[in-house]
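Colleague: Give me a model of this one.
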Amino acid sequence: MRKINKIVLISPTSTRPGFISKSFRFPPLNLALLAALAPGYSYKIIDENIDGVDLELEEIKEADLIGITVMTAQTPRAYELADRFRRMGKTVIMGGMHVSAMPEEALEHSDAVVVGEAEGLWPKLLEDYEEGELKKIYKTKELPDLSGLPIPRRELLKRKNYLFPNTLQVSRGCPFNCSFCAVSRFFGKRYRLRPIKEVIKEIEKMIEADKMGVWRKTGSKFWNKMNTSIFVFLDDNIFGKADYARELFKALIPLKILWGSQTSLNIARSENEDLLKLAAESGCRFLFVGFESVDQSSIDEIGKKVNKPEVYLEAVKLFHKYGITVLGAFVFGFDSEDKSVFERTVDFVKRIRLDLAQFTVLTPLPGTPLMAKLKEEGRIVEENWSRYDFGTAVFEPRRMSTEELVKGKEWAWREFYSWSSILRRIPPLTDWKRFILYGISNMAYRIHWSEPRETGHNELEPPNI
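Modeller: Numbers count the residues shown, from 1 in each chain. Sure thing, here's the model as predicted:
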């Protein structure tokens, strides 16, 4: 019988250093939840993007187990750390989306892997380790029920290092099953929901901890206020189940919080306006929305049937009607797109006065239909997982070169956050809450993208269109 003295849980780095990568990161809530699933142990959580990883850290030297969560772009760094820890005599456990898609690969660098969600697996894994019976693969037979989940151990996170430290999750799963997205493969194709009473209890405990000063403050009254009043729901679609969302928003109103989350475009329809209005009344101030493309042919390609570019303008107007700031996500590199897509997209999102936009390169993640398709067609040109960062072209596009795809994406970022674009899209002063959030967010993105990247093209010159 072996006793576990210390467990270190690590989220490896995958992004370049800079304002956006650090200030707009969310704390690794999955690791705080993991620690809560088996609370009778001593844990240390390390977010390498914030803390770095010091191999001389006393808690690492004392650790019996090292747990590493892995998204695809983190993989090379995760494997590097895992190999070094094992040379130090540590037992390494790996989990996360990439590991779940590529367990055999991960086992080359670890002693055991967790495939899928950890509920029901983590306590058993620790018990097996102590009894000297650690298995290679731990995998649930079915997706776990979300009722009765423990409250994540947020006291293990360094609150002051995050702009938005108050994060939580109320649902998992997504029925849209887009060809490029790993969510449906990892969390399933149906929504699983936490009991609303448990969600409210968790929020109340977070508010109480803030008031009592349980977590260290930043030293700034402004940032302390932001830390304690803004909550982020890390759900893929907070409006996924309308009846559940309606009851959740009603329960949030008395708490007087401000919050943001992700959603799909179908919530911004006239028939759903009452639910959007209720969300705003409950404190919703910002939403991340997957527009994906301004071309219907690209939408059809990925199979996201709820998106119709002809309704984007009215959808944004409806969000704005209720004072909700919208961050729209767009993807470049679909087979139907040529080089004109960059200028057409930026012109379109300026015209509909989108508050914020995120532009990424189509990325075939392991386990997705997109990866299978591109592999079959022999179009994968990059096998280094660190390049699967949504900013690098790792496959050969159909109607442009890889270089043109990356240049076009980076031009879109800089053009959208140019001074002329920011001023053109600015909200009216009468909508002062959105006006303030708009100003802070646009300036943050502008600062990050004001300098040319390695592609070196001019800020205001379209990429060879």
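Colleague: pLDDT at P397, what is it?
Modeller: Note for P397: predicted pLDDT of 97.
Colleague: How about the secondary structure of it?
Modeller: coil (DSSP: H, G, I helix; E, B strand; the rest coil).
Colleague: and it, how many residues sit next to it?
Modeller: By other C-beta atoms under 10 Å, 20 other residues sit near P397. Quick note: C-beta positions are derived from backbone N, CA and C, even for glycine.
Colleague: And for E58?
Modeller: 10.
Colleague: and it, what does it touch?
Modeller: By C-beta atoms under 8 Å, 6 or more residues apart in numbering, the contact set of E58 is empty.
Colleague: From E382, how far out is it?
Modeller: According to C-beta to C-beta, to the nearest Å, E58 and E382 sit 39 Å apart.
Colleague: any idea of the pLDDT on the residue nearest to the spatial centre of the chain?
Modeller: Nearest residue to the geometric centre of the chain (C-alpha atoms, centre = their mean): L234, 7.3 Å. On pLDDT, L234 comes in at 95.
Colleague: does it really touch N166, like I thought?
Modeller: No - contact criterion C-beta atoms under 8 Å: L234 and N166 do not qualify, at 10.8 Å.
Colleague: Which helix or strand in this protein has the lowest average pLDDT?
Modeller: helix 19-23 (a mean of 52; mean pLDDT, DSSP states H and E).
Colleague: Give me the contacts around the helix or strand following that one.
Modeller: Counting by DSSP states H and E, the element after helix 19-23 in chain order, helix or strand, is helix 29-37. For helix 29-37, the external contacting residues (C-beta under 8 Å, 6+ apart) are 7, 9-11, 41, 43, 45, 67, 69, 96, 118-119, 122-123, 149-154, 156-157, 167-169, 234.
Colleague: from the residues you listed, which ones fall inside helices?
Modeller: Counting by DSSP state H, these place 122-123 in helices.
Colleague: From the rest of the structure, what touches stretch 431-447?
Modeller: By C-beta under 8 Å, 6+ apart, stretch 431-447 touches 19-20, 23-24, 285-286, 320, 323-325, 327, 355-356, 413, 417-418, 422, 425-429.
Colleague: how close does V331 sit to K158?
Modeller: Look at V331 and K158: by C-beta to C-beta, they are 32 Å apart.
Colleague: Between those two, which is the more surrounded one?
Modeller: Set V331 next to K158 and count neighbours by other C-beta under 10 Å: V331 wins out with 23 against 15.
Colleague: what's the helix or strand for that one?
Modeller: Going by DSSP H and E, V331 is part of strand 325-332.
Colleague: what does that strand contact?
Modeller: Strand 325-332 is contacted from outside by 180, 285-294, 298, 316, 319-320, 341-342, 345, 349, 354-362, 405, 408-409, 412, 434, 437-438, 441, using C-beta under 8 Å, 6+ apart.
Colleague: and if we set it to 6 Å?
Modeller: 286-292, 316, 319, 345, 354-362, 409, 434, 437 (C-beta atoms under 6 Å, 6 or more residues apart in numbering).
Colleague: mind listing what the residue nearest to the centre of the chain touches?
Modeller: So L234 contacts 167, 169 (C-beta under 6 Å, 6+ apart).
Colleague: One more pass at 8 Å, please.
Modeller: So L234 contacts 26, 29, 167-169, 261-262 (C-beta under 8 Å, 6+ apart).
Colleague: now Y388
Modeller: Y388 neighbours (C-beta under 8 Å, 6+ apart): 72-73, 363-365, 382, 394.
Colleague: follow-up on the earlier one: PyMOL command to pick out the buried ones of the contacts of stretch 431-447?
Modeller: Buried residues within the contacts of stretch 431-447, by 16 or more other C-beta atoms under 10 Å, are selected in PyMOL with:
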select buried, resi 285+286+320+323+324+325+327+355+356+413+417+418+422+425+427
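Colleague: gap between L34 and G89?
Modeller: On the measure of C-beta to C-beta, L34 and G89 end up 22 Å apart.
Colleague: More neighbours: which of the two?
Modeller: L34 (25 against 7).
Colleague: and the gap between the more buried one and E119?
Modeller: According to C-beta to C-beta, L34 and E119 sit 9 Å apart.
Colleague: so what's the closest residue to I230 other than its chain neighbours up against?
Modeller: Of all residues not flanking I230 in the chain, L258 sits nearest, at 5.0 Å (C-beta to C-beta, 6 or more residues apart in numbering). Contacts for L258 (C-beta under 8 Å, 6+ apart) come out as 229-231, 283, 285.
Colleague: Inside helices: which ones of these?
Modeller: Checked against DSSP H, those include these in helices: S229.
Colleague: out of the contacts of L258, who's nearest K205?
Modeller: K205 lies nearest to F231 out of the contacts of L258, by C-beta to C-beta, at 12.3 Å.
Colleague: For that closest one, which residues count as its bridge partners?
Modeller: Taking DSSP bridges as the rule, F231 bridges to W259.
Colleague: right, and it touches Q169 too?
Modeller: No - here F231 does not reach Q169: they are 11.3 Å apart, not a contact under C-beta under 8 Å.
Colleague: Which residues lie in contact with the residue lying closest to K241 once chain neighbours are set aside in this structure?
Modeller: Of all residues not flanking K241 in the chain, Y191 sits nearest, at 5.2 Å (C-beta to C-beta, 6+ apart). Going by C-beta under 8 Å, 6+ apart, Y191 touches 171-175, 237, 240-241, 244.
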